[in-house]
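Novice: Predicted model follows, preceded by the sequence.
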Amino acid sequence: MAVNANPTIRRRRLGAELRLLRLASGLTSTQVAEQLLISQPKVSQLENGRRAIKPRDVRDLCVLYGVSDQKVIDSLMRMARESERQGWWVTYGEVPYAVYIGLETAAASIRSYEPLVIPGLLQTPAYAAVVIEETIPLATAEHIATRLEVRLRRQHRAHHPARPFRLWAVVDESALRRVVGGPDIMREQLEFLNHLGGQPHITVQVLPHGAGAHPGLSGQFSILHFADAPGVGTVYLERFTSDLYLEKRSDVQHYSVMHEHLQAQALNPEDTRRFISGAAEKLLATALLPGRP
């Protein structure tokens, strides 16, 4: 699917336009919710592009906001119809992090911190398969295969140097030391990570254990920014049964400062490549030990 066909982009654009119209009308999101008999969080989700909006809802909002220009109304309703189109991930059935995939596909840049595993966008198929199988209790073979296919498809854009996607990943040393799937799979993963870290649109930094305490001790997070709204971002916190999305400017700023501190404490990209190469060489030496099957 072409990037500009992503329904999440359409929803974000439409939501931004509706937010501007609401502000121009002088109404708060709470007042809009009361007028339309819906919840205030739903209004926020519509304006942030995290929820599809039907053309008739757009029409009702235009009436509420006092929009009389028919060209503007027609344009907004057309965007609403286009935003109802389904993203590629819908064809895989019920994907638990579908909202995040839509945001990730629409993002112009992502900054992340991963304390325990290699980031999903930078995983090899073998490493990803083991992670999925071992972290989802009682998962069926079909479920694992679907999750793996979705993860690998997500990587298409991140690995494509011609597309405007900026990825900056800070990875804790623990993720490199944890041998997932055996020495051979792990060594392949580390070599692949080094290869991707050499791409101009991808930066990888390792945060060594010697860095001590740091802002990432509270866990994994990702910060997504979008070309259509450069001053607005979304923080994504992945959890096992539910995910959390933070979109207040103060929250995004807080996590942005955290990531800057992690960058400063981590090894620079050149030292990171040497560190990863050293870890891969140790795994190779382990694979060559006498008596190893």
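Specialist: Perfect, I can see it now.
Novice: By residue count, what's the longest strand in the chain?
Specialist: Secondary structure assigned by DSSP state E gives strand 229-237 as the longest strand of the chain.
Novice: what does that one contact?
Specialist: Residues outside strand 229-237 that contact it (Cβ atoms under 8 Å, 6 or more residues apart in numbering): 12, 16, 48, 100, 103, 108, 219-226, 243-247, 249, 251-252, 255-256. All C-beta spots, glycine's among them, are computed from the backbone N, C-alpha and C.
Novice: Over to stretch 47-61?
Specialist: 7-9, 11-16, 18-19, 21-22, 29, 32, 36, 42, 45-46, 73, 76-77, 79-81, 83-84, 99, 103, 106, 234, 245, 247.
Novice: From these, keep the buried residues only.
Specialist: Among those, the ones that count as buried by 16 or more other Cβ atoms under 10 Å are 7-9, 11-16, 18-19, 21-22, 29, 32, 42, 45-46, 73, 76-77, 79-80, 83, 99, 103, 106, 234, 245, 247.
Novice: Would you mind listing which of the contacts of strand 229-237 are buried?
Specialist: Those of the contacts of strand 229-237 that meet the buried threshold are 12, 16, 48, 100, 103, 108, 220-226, 245-247, 252, 255, by 16+ other Cβ under 10 Å.
Novice: sorry, back to before: just to be sure, which of the buried ones among the contacts of stretch 47-61 are found in helices?
Specialist: Members of these lying in helices (criterion: DSSP state H): 7-9, 11-16, 18-19, 21-22, 29, 32, 42, 45-46, 73, 76-77, 79-80, 83, 99, 103, 106.
Novice: Please name the nearest non-neighbouring residue to Val32.
Specialist: Among residues not flanking Val32 along the chain, Val43 sits closest, at 5.2 Å (Cβ to Cβ, 6 or more residues apart in numbering).
Novice: ok now do that neighbour, which residues does it touch?
Specialist: Contacts for Val43 (Cβ under 8 Å, 6+ apart) come out as 29, 32-33, 36.
Novice: swap the cut-off to 7 Å and go again
Specialist: 29, 32-33 (Cβ atoms under 7 Å, 6 or more residues apart in numbering).
Novice: Equivalent analysis for Ala162, please.
Specialist: Neighbours of Ala162 in contact, by Cβ under 7 Å, 6+ apart: none.
Novice: wait, is it part of a strand?
Specialist: No. Counting by DSSP: H, G, I helix; E, B strand; the rest coil, Ala162 falls outside a strand, being coil.
Novice: how far away is it from Phe226?
Specialist: Distance of Ala162 to Phe226, computed by Cβ to Cβ, to the nearest Å: 19 Å.
Novice: shouldn't His261 be in contact with Gly216?
Specialist: No. His261 is not in contact with Gly216 according to Cβ atoms under 7 Å; the separation is 8.6 Å.
Novice: neighbour-wise, which of those two wins?
Specialist: Per other Cβ atoms under 10 Å, whichever of His261 and Gly216 has more neighbours is Gly216, with 21 against 14.
Novice: any low-confidence regions in the stretch 1-150 of the chain?
Specialist: For the stretch 1-150 of the chain, applying pLDDT under 70 flags the ranges 1-9, 84.
Novice: Flag every buried residue along stretch 155-174.
Specialist: 155, 157-159, 165, 167-173.
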